[in-house]
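S.K.: how would this look folded up:
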Amino acid sequence: MSKGPIRDLGRVFDRVADAYDAGRPAYPDEMYRAVSDLSGIDLDGATTVDVGAGTGILTRALRARGSQVIAVDPGAEMLARLRSRSQEGTPAVAAVLGDGNALPLADGVADLVTYAQSWHWLDPVASIAEARRVLRPEGAIVGCWNLNHAAQADWLAAYEARLAAEVPAYWGPAVEQWSVPPIASAFEMIEERWIPWTRLVGIEDFLLNLRSRSYMAALSPEEADELVERRRQELRQEFPEGVLSVPMRVYLAVGR
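M.R.: Got it, this is the predicted structure:
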């Protein structure tokens, strides 16, 4: 389910790097426990290649749990945010400009290869072949996606439906054909898990998350601003206290 040529991917997300860094949610602690349980690999001391690392949301969390992380991303601006965070007191990571379909790494260097919100942008065959190449024999491949669970809240389902009606490139739960990326079909041995959680977030940070979406980056700045302002007014009217309780779920797939 590749979304587009990898050569364009860096430019798409570089345009929204600030919003991505500020607005995208982190992953719940339970997900990291599940990664270790399903893979049999202790994150503390593991060498992890984080493919499509972006601004380092998963990268930083893995590093904080003791992993040695090599972050790979095609976006120079995204990696610049990741590097700047590494200079703010978090443990350093190696950040490499590169393509997940042709990883700029030697064979057999990693215990884990992770894709956080990223594998669906890659070639499903070439990317997995590259992951297998850089993994050690007992290594594992991890794909994870943080998703709005729109079916759990009427307001969120209506919000997604309005986006689908107004944004030509929208892709999400309001589209009948939408589904989780088919990463499971790429593995011989696969474990899948759904992890529900709730995100408490202010309206402005919620809207920064919206701005970070690829379908928003496809709009002109003026169109994006107007759409965000419409969403802001709607959310302020429905939630005058300014805080949203967003039902979320993580789709996690781990393959050996």
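
S.K.: helices of the stretch 1-150 of the chain, start to end?
M.R.: 6-14, 17-23, 29-39, 57-64, 76-86, 124-134 (DSSP state H, counting those that start in this stretch).

S.K.: make CSV from the ones you listed and add distance to residue 169 to it.
M.R.: (C-beta placed from N, C-alpha, C; glycine too.) Formatted as CSV, the helices of the stretch 1-150 of the chain follow (distance: least, C-beta to C-beta, whole Å):
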stretch, distance to residue 169
helix 6-14, 10
helix 17-23, 16
helix 29-39, 28
helix 57-64, 23
helix 76-86, 19
helix 124-134, 21
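
S.K.: most packed of these?
M.R.: Most buried of the helices of the stretch 1-150 of the chain, by mean neighbour count (mean count of other C-beta atoms under 10 Å): helix 57-64, with a mean of 22.

S.K.: what's that one in contact with?
M.R.: 24, 26-27, 32, 43, 48, 50, 53, 69, 71, 82, 85, 90-91, 93, 114, 116, 144 (C-beta atoms under 8 Å, 6 or more residues apart in numbering).

S.K.: list only buried entries from those.
M.R.: Using 16 or more other C-beta atoms under 10 Å as the burial test, those include 24, 27, 32, 43, 48, 50, 53, 69, 71, 82, 85, 93, 114, 116, 144 as buried.

S.K.: hmm, back to that, dump the helices of the stretch 1-150 of the chain into JSON lines; add mean pLDDT and distance to residue 187 as well.
M.R.: Shown next, in JSON lines, are the helices of the stretch 1-150 of the chain (pLDDT from 0 to 100; distance: least, C-beta to C-beta, whole Å):
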{"stretch": "helix 6-14", "mean pLDDT": "58", "distance to residue 187": "21"}
{"stretch": "helix 17-23", "mean pLDDT": "83", "distance to residue 187": "28"}
{"stretch": "helix 29-39", "mean pLDDT": "97", "distance to residue 187": "12"}
{"stretch": "helix 57-64", "mean pLDDT": "95", "distance to residue 187": "19"}
{"stretch": "helix 76-86", "mean pLDDT": "86", "distance to residue 187": "27"}
{"stretch": "helix 124-134", "mean pLDDT": "96", "distance to residue 187": "8"}
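
S.K.: which of the ones you listed sits closest to residue 211?
M.R.: Among the helices of the stretch 1-150 of the chain, the nearest to residue 211 by C-beta to C-beta is helix 17-23 (3.8 Å).

S.K.: what is that closest one packed up against?
M.R.: Judged by 3 or more C-beta pairs under 8 Å, 6 or more residues apart in numbering; DSSP states H and E, helix 17-23 is in contact with helix 76-86, helix 203-211.
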